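Asks: give me coordinates for this.
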Amino acid sequence: MIDTGAPIAHEPIRYYPEQSLLPAAEKLFAHAGLDAEKASAVARALLDADTMGHATHGLALVPWYLEAIRSGSMACSGDIEVVSDRGACVAWKGQRLPGAWLIHRAIDLALARVSAHGVVTITIAGAHHTGALATYLPRLTRRGLMPILSCSGPAATGVAPYGGTRPLFTPNPLAAGIPTARDPVLLDISSSITTNNRARQLAREGKRFPGAWALDAEGQATDDPAAVVLGGGSLLPVGGLDHGHKGYGMALLVEALTQGLSGLGRSSQPTGVVMNVFLQVIDPAAFGGNEAFITETTWLADACRDNPPRPGVRKVRVPGEQAMVLQREARKQGVPLPEVAMDALAECLRAAGLPVPAPL
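Replies: Take a look at the predicted model:
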């Protein structure tokens with residue numbers, strides 16, 4: 001979505017107790033100027049990303065976040081501006097406040113209202129960086145609710161519309177949480193094959209994409225990330241050259257949800273780090289009932305897992321299954337952090353006069 005320059009996870013990795021990483025990150029953001037509640041929300045979202053295996057959206061982003069605070073790109077204090085509130089339908093302006101805090105506030109509001117309305121929908125225009133969307137879903141699925149969460153960056157580009165060559169969209173992720181009798185199904189998918197951040201990381205290392213995931217400036221398919229990063233090319237939408245109209249359609253849907261409904265989009269030509277958010281929370285009790293919903297979703301998830309695997313696949317999984325396993329392991333055995341990410345975090349902590357968590 002936004003290129004943060006965060007490293008992709010590589011060995012070597014060391015393990016740290018969650019109960020020391022979380023307060024360290026909270027104190028660091030508070031020291032930098034974030035209100036306590038905002039510092040806590042940002043630290044929690046980044047740490048949850050690491051526990052779920054999304055290292056590019058985890059604590060590796062701390063230096064980038066601190067620079068955003070120092071530069072004023074991210075607002076440290078203030079509150080939401082309510083644009084519209086019809087009970088079940090709400091629109092906010094995010095005032096460049098931390099995306100993690102804004103999303104948690106939106107979840108708070110949805111939880112307070114969804115039993116009365118059945119469905120609560122909230123849009124946020126002009127948030128700062130949101131992080132990994134999957135990290136927010138379990139808070140709602142644990143309560144038997146089904147969230148749909150999406151975001152886009154109307155000031156950024158990287159993905160051309162299918163058939164075109166000029167970057168227009170961001171990767172435009174769409175996430176959803178589906179409760180079951182066991183772990184939830186957690187979707188977090190982008191409308192492009194890969195991301196700008198991944199392209200930049202591969203280009204720095206002199207590596208190539210596994211396939212023709214991009215177009216050069218002339219519209220020729222390429223596996224060279226430098227064609228995107230340095231050459232004015234674009235990432236291909238999901239489906240690639242053959243079926244990229246599907247990712248293109250998804251990108252249009254996400255931008256309509258996050259930009260059209262929020263009232264802030266590309267036509268306004270915003271600049272800087274700007275994220276728009278769409279959150280919809282659905283209570284199955286308002287439809288066919290909780291019991292029927294869980295019966296169906298559990299049956300379907302189990303049927304997917306029981307499907308005979310094709311050659312080379314050990315077992316069929318459902319989306320989010322591995323993330324939940326990784327999170328439980330991280331909370332028992334320690335959070336895995338690449339040394340490069342921990343070194344950068346430690347440098348920030350020392351500069352602030354704060355203690356550095358010790359590895360397990």
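
Asks: how about the helices in the stretch 151-300 of the chain?
Replies: 196-204, 226-229, 240-255, 290-305 (DSSP state H, counting those that start in this stretch).

Asks: so what's residue 333 up against?
Replies: 15, 360 (C-beta atoms under 8 Å, 6 or more residues apart in numbering). Just so you know, the C-beta spots here come from the backbone N, C-alpha and C atoms, and that holds for glycine as well.

Asks: state the pLDDT value of it.
Replies: Note on residue 333: pLDDT of 96.

Asks: do the same with the one 4 residues further on
Replies: At residue 337, the pLDDT value in this model is 96.

Asks: for it, helix, strand, or coil?
Replies: strand (DSSP: H, G, I helix; E, B strand; the rest coil).

Asks: that one: what's it in contact with?
Replies: Counted by C-beta under 8 Å, 6+ apart, residue 337 has contacts 13, 14, 15, 16, 21, 50, 55, 58, 59, 345.

Asks: which among those end up buried?
Replies: If you count burial by 16 or more other C-beta atoms under 10 Å, the buried members of the contacts of residue 337 come out as 16, 21, 50, 55, 58, 59, 345.

Asks: tabulate these (JSON lines), appending distance to residue 114.
Replies: Formatted as JSON lines, the buried ones among the contacts of residue 337 follow (distance: C-beta to C-beta, whole Å):
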{"residue": "16", "distance to residue 114": "36"}
{"residue": "21", "distance to residue 114": "32"}
{"residue": "50", "distance to residue 114": "29"}
{"residue": "55", "distance to residue 114": "32"}
{"residue": "58", "distance to residue 114": "29"}
{"residue": "59", "distance to residue 114": "31"}
{"residue": "345", "distance to residue 114": "36"}
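
Asks: strands - which of these land there?
Replies: Members of the buried ones among the contacts of residue 337 lying in strands (criterion: DSSP state E): residue 16.

Asks: where are the low-confidence patches of this structure?
Replies: 1-11 (pLDDT under 70).

Asks: just the ones in helices from the buried ones among the contacts of residue 337, please.
Replies: 21, 50, 345 (DSSP state H).

Asks: closest to residue 308 among the contacts of residue 337?
Replies: Nearest to residue 308 among the contacts of residue 337: residue 55, at 32.1 Å, using C-beta to C-beta.
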